[in-house]
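Trainee: from the sequence below, what's the structure:
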Amino acid sequence: MSQLYSSRQLVFSDDDKNDKASISVTILETFDTSSSSYGLYLWPCSPILAQYIWYHRNDFIGKNILEIGAGTSLPGLVAAKIGAHNVVLCDDPKPDKWLPLIREAITKNQMIADRIRIEFLDWYDEKSIDELIQKYLSMNIDIILGSDIFFHKKDFETILALLDKLFSHGQSSLKFIGTIERRSRSTMLKLNHLIGMWDFKLEMVPLKNFNGETIYPNIVAGHDILLFSITKE
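Mentor: Just a heads-up that it's a prediction; the model follows:
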């Protein structure tokens, strides 16, 4: 890999000293935060979502998972490590650095390659969306993941339109679980307004409910991270 990339190992384990269960996941990231590469950096939202998956791992074992805007793909890799049946990792085809990065990351995480699929998804391109739906929604995707995909407010409604289309072609129990950084007061005001317009239901999940407030303080400290689910009314 290029010298612009570095590997990082993250460990997820239970606080209960009687339970020794733990996993380690290796991700690759770039410290080039230019507009073409910022999705390939481990932003604070990612380990929070990964911790949620680890804490609620019994809800993910044997399930079919779709991660959109995957970037470093930490949540999807954690889902695969804990026993998800299939994990589809999707990101924008424009950053040509993503494909070699995620392929290399998969090789660094043993025994999960056979359960991971990699796909390009441009949520501004209807053909790209339709191809993804045709290829994967028939496998009964159970959960859609998204870490910090609500980054630019100009993209919020486009992402919700994508979720609406995925919900309409998916099973009735399909839900989205994601994290967002509240970078300004208007972040959640904008999202909540659009959620109502699209007839979605948004449910906030306190970080303390899954030990998310204590995970990786060297990455997360100082960032106002929220975790939530979205379902179709």
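
Trainee: geometric centre of this protein: which residue is closest?
Mentor: Geometric centre of the chain, nearest residue: Gly146, 3.3 Å, by CA atoms, centre = their mean.

Trainee: not including adjacent chain positions, what is the nearest residue to that residue?
Mentor: Nearest residue to Gly146 in three dimensions, chain neighbours excluded: Gly178, at 4.0 Å (CB to CB, 6 or more residues apart in numbering). Any C-beta I mention is one placed from the backbone N, CA and C, and that applies to glycine too.

Trainee: swap in Asp199?
Mentor: Leaving aside its sequence neighbours, Asp199 sits nearest to Glu233 (CB to CB, 6+ apart; 4.6 Å).

Trainee: please report how far that neighbour lies from Asp91.
Mentor: According to CB to CB, to the nearest Å, Glu233 and Asp91 sit 28 Å apart.

Trainee: can you count the residues close to Asn86?
Mentor: Per other CB atoms under 10 Å, the neighbour tally for Asn86 reads 20.

Trainee: partner residues bridging it?
Mentor: For Asn86, the beta-bridge partners are Asn64 (DSSP bridges).

Trainee: tell me the pLDDT of it.
Mentor: Model confidence at Asn86, given as pLDDT, is 96.

Trainee: for it, give me its contacts.
Mentor: By CB atoms under 8 Å, 6 or more residues apart in numbering, the contact set of Asn86 is 64-65, 115-117, 139.

Trainee: buried subset of these?
Mentor: 64-65, 115-116 (16 or more other CB atoms under 10 Å).

Trainee: what's the farthest-apart pair in those residues?
Mentor: Asn64 and Ile116 (11.8 Å; CB to CB).

Trainee: overlap in contacts of these two?
Mentor: Joint contacts of Asn64 and Ile116 (CB under 8 Å, 6+ apart) are 86-88.

Trainee: what is the nearest of these to Leu166?
Mentor: For the shared contacts of Asn64 and Ile116, the nearest to Leu166 is Val88 (11.4 Å; CB to CB).
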